[in-house]
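Participant: Based on what follows, work out the 3D shape:
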Amino acid sequence: MRLILAPMEGVMDHIMRDLLTRIGGYDRCVTEFVRVSREKLPPRVFYRACPELRHGGKTPAGTPVYVQLLGGIPDCMARNAQVLENLKPQGIDLNFGCPSKVVNNSDGGSILLREPQRVHDIVKAVRTAVSTHIPVTAKIRLGFDDGSLFEDIVLGVEAAGATELCIHARTKQHGYKPPAYWSEIGKVKPKLRIPVIANGEIWSAENALQAQADSGCQDLMLGRSALSFPDLARVIKAQHHGETYTPMTWDEILPIVLEYAHSFEERAPVRASGYIKQWFTYLYRQYPEAESTFQQIKSMKLPSEIRAHIGKNA
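Facilitator: A predicted model of the protein is given here:
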């Protein structure tokens, strides 16, 4: 089995990818999306989204990182994929799953699932534009309003030449509300020859087993759960291999949070406080101690103050 770290916009930047892949268990990461409109983007845009491109397209732990593109115009997506190819990415991922109203209103993300032919055309344009050795993958949902076009979408993605397909087992209208409908993936997977990755509501090793059983997919993508449970990938891998693994304690997690806080404060001090607090809102799903810490730091304005408070307990 393979475990992929999801491209969570505004959360899964290169700092978080570094921390989580150092903890281990992940076979691949995908960047936050690079928005493609009509112009050809300069290399600096791709380097900003994926600094790992300067180091072979891998995190410091050696985990490959695919760069995700989001847009609705096939030839524009193709031209930018060619720019990206020159930067030697490990792979290119195409976003057809983002449910954000802002993104959808700009003709990107999950709104494209209303038109399976457009999804096909975008995948085909990118696949044709770049060398065959570069993987071109796609991430979709079950549909936009409902799943009535789901089979057309997945068959079109495969016919367009995608290397792999990741499916978030909810529609746009479902958003992120539980449950995830893994069995819907299972209905179409037997019709596909390319690898399929299941995504959505995998918060534990038990969820992972159920997702595999219902979807028929061995490979899984973890998103919010990776932030809530930083070594979940290792827990799932250990279960898969029949090995014993003891999950990290809160005392072991705290120094990693402190490192994240320090890194973010250095890189973006104005935004650091919000991002540090945001991670705590994920962590307290798994660690009760995180909620009490969050209550203590939520009114703090300065990242240095937050970091000092965390450091007292680390």
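
Participant: which residues of the stretch 201-314 of the chain score low on pLDDT?
Facilitator: 314 (pLDDT under 70).

Participant: hey, where'd the strands end up in it?
Facilitator: Secondary structure of the stretch 201-314 of the chain (DSSP state E, counting those that start in this stretch): strands at 219-222.

Participant: Mind jotting down where the helices sit in it?
Facilitator: Listed in chain order, the helices of the stretch 201-314 of the chain (DSSP state H, counting those that start in this stretch) span 205-215, 224-228, 232-241, 250-267, 269-283, 288-297, 303-313.

Participant: in a strand, that's where residue 82 is, yeah?
Facilitator: No. Going by DSSP: H, G, I helix; E, B strand; the rest coil, the assignment for residue 82 is helix, not a strand.

Participant: returning to that earlier point: so for residue 196, which of the helices of the stretch 201-314 of the chain sits nearest?
Facilitator: Closest to residue 196 of the helices of the stretch 201-314 of the chain, according to C-beta to C-beta: helix 205-215, at 7.5 Å. (C-beta placed from N, C-alpha, C; glycine too.)

Participant: list the buried ones in the closest one?
Facilitator: 205, 207, 208, 210, 211, 212, 214, 215 (16 or more other C-beta atoms under 10 Å).

Participant: ok, of the residues you listed, which one's closest to residue 79?
Facilitator: residue 215 (34.5 Å).

Participant: thought the closest one was touching residue 183?
Facilitator: Yes. If you go by C-beta atoms under 8 Å, residue 215 and residue 183 touch, sitting 7.1 Å apart.

Participant: who's in contact with residue 178?
Facilitator: Contacts for residue 178 (C-beta atoms under 8 Å, 6 or more residues apart in numbering) come out as residue 201.

Participant: make that residue 303, sorry
Facilitator: Here residue 303 is in contact with 261, 264, 265, 269, 272, 273, 276 (C-beta under 8 Å, 6+ apart).

Participant: do residue 284 as well
Facilitator: Counting by C-beta under 8 Å, 6+ apart, residue 284 has contacts 290, 291, 294.

Participant: ok, now residue 300?
Facilitator: Per C-beta under 8 Å, 6+ apart, neighbours of residue 300: 273, 306, 309.

Participant: Report the separation between the last one and residue 260.
Facilitator: For residue 309, the distance to residue 260 equals 14 Å [C-beta to C-beta, to the nearest Å].

Participant: who's more crowded, those two?
Facilitator: residue 260 (21 against 14; other C-beta atoms under 10 Å).

Participant: For the closest residue to residue 129 other than its chain neighbours, what is the enclosing helix or strand?
Facilitator: In this structure, residue 129 finds its nearest non-sequential neighbour in residue 78, 3.7 Å apart by C-beta to C-beta, 6 or more residues apart in numbering. Using DSSP states H and E, residue 78 sits in helix 74-85.

Participant: Show me what counts as buried in that helix.
Facilitator: Quick answer for helix 74-85 (16+ other C-beta under 10 Å): 74, 76, 77, 78, 79, 80, 81, 84, 85.

Participant: now the residues you listed as TSV including pLDDT?
Facilitator: Shown next, in TSV, are the buried residues of helix 74-85 (pLDDT from 0 to 100):
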residue	pLDDT
74	98
76	98
77	98
78	98
79	98
80	98
81	98
84	98
85	98
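
Participant: Residue 65: which of these is nearest?
Facilitator: Nearest to residue 65 among the buried residues of helix 74-85, counting by C-beta to C-beta, is residue 84 at 12.1 Å.

Participant: Go ahead and confirm the closest one touches residue 47.
Facilitator: No. If you go by C-beta under 8 Å, residue 84 and residue 47 don't touch, sitting 10.4 Å apart.

Participant: The helix holding residue 78 - contacts with which helices or strands?
Facilitator: Helices and strands touching helix 74-85, by 3 or more C-beta pairs under 8 Å, 6 or more residues apart in numbering; DSSP states H and E, are helix 43-49, strand 65-70, strand 92-96, helix 116-129.

Participant: Recalculate using a threshold of 7 Å.
Facilitator: Helices and strands touching helix 74-85, by 3 or more C-beta pairs under 7 Å, 6 or more residues apart in numbering; DSSP states H and E, are strand 65-70, helix 116-129.

Participant: which one of these lies closest to residue 249?
Facilitator: Of the helices and strands packed on helix 74-85, the one closest to residue 249 (C-beta to C-beta) turns out to be strand 65-70, at 28.6 Å.

Participant: by contact count, what packs against that closest one?
Facilitator: Using 3+ C-beta pairs under 7 Å, 6+ apart, strand 65-70 sits against strand 28-30, strand 34-35, helix 74-85, strand 92-96.

Participant: Between the buried residues of helix 74-85, which sits nearest residue 27?
Facilitator: Among the buried residues of helix 74-85, and counting by C-beta to C-beta, the member closest to residue 27 is residue 84, at 21.1 Å.

Participant: do you know how far the closest one is from residue 296?
Facilitator: 43 Å.
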